[in-house]
Structures are given as structure tokens and as C-alpha cells.
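> just to be clear, the model below is a prediction. Sequence and coordinates:
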Amino acid sequence: MFFPESSTRLRRFALPIAAVMLSTIVTARVQAATLRVAPSSPQPGDILTLTVYPSPGETISGLSMSAFDTPEVKFYGKSDGTARGFVGLPFDRHGGTFSLKALVNVTRDGRVAQTTLSTRLIARERVFPTQHISMKSSTASKMSEKAAFAAEKARVQSTMRNSYPGALWQGNWIVPAQGASTSAYGRRRYVNGHWWGQHNGADVKAQTGTPVRAANSGRVVLSEYLPTLRGNCIVVDHGCNVFSIYMHLSKILVNAGQSVAKGQVIGRVGATGFVTGSHLHWEVRIGWEPVDPNHVVQYGLSF
């Protein structure tokens, strides 16, 4: 969990690595493991890569932590014996020094030790611009349909609970459609003078029918029309709790359960859902936390 320097609390959550039967638990540390975070000086919207390194002769048998708005960080075992997870640094956080803490069980010679690992990072400030959007009153009136928005959100979240336990993406990430970038991640948005929230993704302005391609390889977990906000929507699971979302499509060209390759055409740009015109809204999320998709394209992501 990330805490300001003044905080001392630690919340505990279930281990998302495969469960291990622990025959003996001791309170003394057998040998220290190490927790590392990269980058060490991130900005809001960045993906934090968390890695736990066991000491020689140790095996990680349990991990538990939360971070910012993520109540349960999901870790995945690697072939070298380390465990890795990803966390999004939310766009509503300010810069400052934070402590990262993880509760870890390590096994050595049949004995299990439980310890708390911690490290620090210094988050840089990031100021997001304000955007004022003008919209027809008949369209803007949908903003009051809170129950419908909540139901649609729950539907999307339900398809993103169980990610593939390994990296399905390969190499660099791509922007899914050709066109002008019109509204970047994190912008503070007002619609007809009313607060609407910060932008969860990035918008690409393009004509209806423009091909939309998978930002990287993965498996489609949602492919359907969601009328309140997202319109025709596709969600791709890239493994390790990393997802990409494509919204407002005029056409959907893939089905849930289908594997897709990076660059494969999965849909067409459109103006369905809560929009002012034809464009692609796309997101990258770590679990349910939105991160800056253009930063993922720029910096990549390694498992």
C-alpha cells in the first residue's frame, strides 16, 4: 500500500498468487526479501512495476498489499522466482514522497517467515488542463442518469475481474487508430458548465469507419453495445491485470473469448454512446485504475 510518510497503517488482503499450504509459520524473519518499484519518480497516470525478490534459498509463498485506489494488488509469479504486479498511479494524486509496503511470506528449509517489506518513491507533480465541452441539452441530460451509468460500469467491471495469469502482450504498444489527438488522459472536464470528471483515456478524432486496431495482443472479454456512455465497446485482457478499452465504435468486429493480435482490426470508429461526434476513446487500465495510454505507448510495459 502507498502511504504518505506520516501514515503507519497497513491493510491486508488475500494473495492473488496460487495459494500455498503453509505447514509452519514463524514470526521471526528467516532472511530478508526485497521490494522494488519502477519508475522511482513517477507521475500521475504512470504504471508502477512492483517486484518482490526473494533471497537465495527462499521461495515466496504469500503476498498481500494495497496501493492508492487499488484495494488488492495482484502479483504473478515469474520463472526466476520473483513476483511482479502492476499498479496505476491515479490522476487525482499530487506529487510527494510515499512508502510502499507489502506483507510477504517467504519459505526457507520448510519454515515460513512473515515480514513487511517497504520502499519509497517520489512522485512528481502533474498538472492536467481543464476542458470545457459544449453539448446539446438533450444529450447532456444523460449526465443525470446515475443509476444507468452505475449499471453500465458494473457490467464492464464484471468482465475484468479475472485476468489471464501471464503477459499476453508483446513488445511495444500502438495507438489504435489514425487521427488527431483531441483530448488527452487526465483532462479536467466540464460539460455545459457542469463538472463531469477527469478523462480516463485518450481521444483520437477520426471519421466514422476508420479502422480501430488492438493496441497489443490479448483476449477479448467484452464486445457489446452499452447505450448510456460507452456505445459499442470492446475490452481486451492483455494478462497480468492489464486491460485496454475501445469505445464509441460504429462497428464491432470481434467477439468475447476471441484472441486478437497486436494491430488486428477489431472495430471501426464511430459516435455511439455519450459523445459529441465521431472519435475513438481508448483506455489502458490496471485492474480498474485508468492510466495514461499514451505513456504506455511511449514507455512500454515489461513483465
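Alright, I've got the coordinates. Computed from a predicted model, the values in this text were never measured in an experiment.

> what about residue 259, how many residues nearby?
13 (other C-beta atoms under 10 Å). Where you see a C-beta, it was placed from the backbone N, CA and C, and this is true even at glycine.

> next one: the one 3 residues further on
Using other C-beta under 10 Å, residue 262 has 18 other residues around it.

> now residue 87
By other C-beta under 10 Å, 28 other residues sit near residue 87.

> the host helix or strand of it: what's the following helix or strand?
Using DSSP states H and E, residue 87 sits in strand 83-88. The first helix or strand that comes after strand 83-88 along the chain, using DSSP H and E, is strand 96-108.

> tilt between that next one and strand 83-88?
Orientation check (axes from the mean of the first three to the mean of the last three C-alpha atoms, to 10 degrees): strand 96-108 against strand 83-88 gives 160 degrees.

> give the buried residues for strand 96-108.
98-108 (16 or more other C-beta atoms under 10 Å).

> which other helices and strands contact that strand?
Here strand 96-108 touches strand 2-4, strand 34-38, strand 47-53, strand 59-64, strand 111-123, going by 3 or more C-beta pairs under 8 Å, 6 or more residues apart in numbering; DSSP states H and E.

> sheet partners, orientation included, of it?
When sheet partners are counted by DSSP bridges, strand 96-108 sits next to strand 2-4 (antiparallel), strand 59-64 (antiparallel), strand 111-123 (antiparallel).

> same list (the ones you listed) but as a markdown table, adding distance to residue 199.
Below are the strands paired with strand 96-108 laid out as a markdown table (distance: least, C-beta to C-beta, whole Å):
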| stretch | distance to residue 199 |
| --- | --- |
| strand 2-4 | 23 |
| strand 59-64 | 32 |
| strand 111-123 | 20 |
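
> quick check: mean pLDDT of the strand holding residue 87?
In this model, strand 83-88 has an average pLDDT of 97.

> need the contact partners of the longest helix seen in the chain.
Assignment by DSSP state H gives helix 146-158 as the longest helix of the chain. With contacts defined as C-beta atoms under 8 Å, 6 or more residues apart in numbering, helix 146-158 is touched by 142, 222, 226-230, 233, 235, 245, 288.

> can you name the element that comes right after that helix?
The element immediately downstream of helix 146-158 (helix or strand, assigned by DSSP H and E) is strand 180-183.

> which elements pack onto that next one?
Strand 180-183 packs on strand 202-205, going by 3+ C-beta pairs under 8 Å, 6+ apart.

> for the strand it packs on, list the C-alpha coordinates in PDB.
What follows is strand 202-205 as a C-alpha-only set of coordinates in PDB (Å, rounded to 0.1, in the frame of the first residue of the first chain):
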ATOM      1  CA  ALA A 202      -7.300   9.400 -24.700                       C
ATOM      2  CA  ASP A 203      -9.400  10.500 -27.700                       C
ATOM      3  CA  VAL A 204      -8.500  10.200 -31.300                       C
ATOM      4  CA  LYS A 205     -10.500  12.200 -33.800                       C
END
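
> which other helices and strands does it contact?
Of the remaining helices and strands, those touching strand 202-205 by 3+ C-beta pairs under 8 Å, 6+ apart are strand 180-183, strand 279-286.

> tell me which of the ones you listed sits nearest to residue 272.
strand 279-286 (10.7 Å; C-beta to C-beta).

> ok and that closest one relative to strand 47-53, angle-wise?
Strand 279-286 runs at 20 degrees relative to strand 47-53, counting by the same axes, to 10 degrees.

> list the contacts of strand 279-286.
Counting by C-beta under 8 Å, 6+ apart, 47, 70, 86-88, 160, 173, 176-177, 179, 182, 200-206, 210, 212, 215, 241-249, 269, 271, 290-293, 296 sit against strand 279-286.

> at 7 Å instead, please
With contact meaning C-beta atoms under 7 Å, 6 or more residues apart in numbering, strand 279-286 is reached by 47, 86-88, 176-177, 182, 200-206, 212, 215, 241-248, 269, 290-291, 293, 296.
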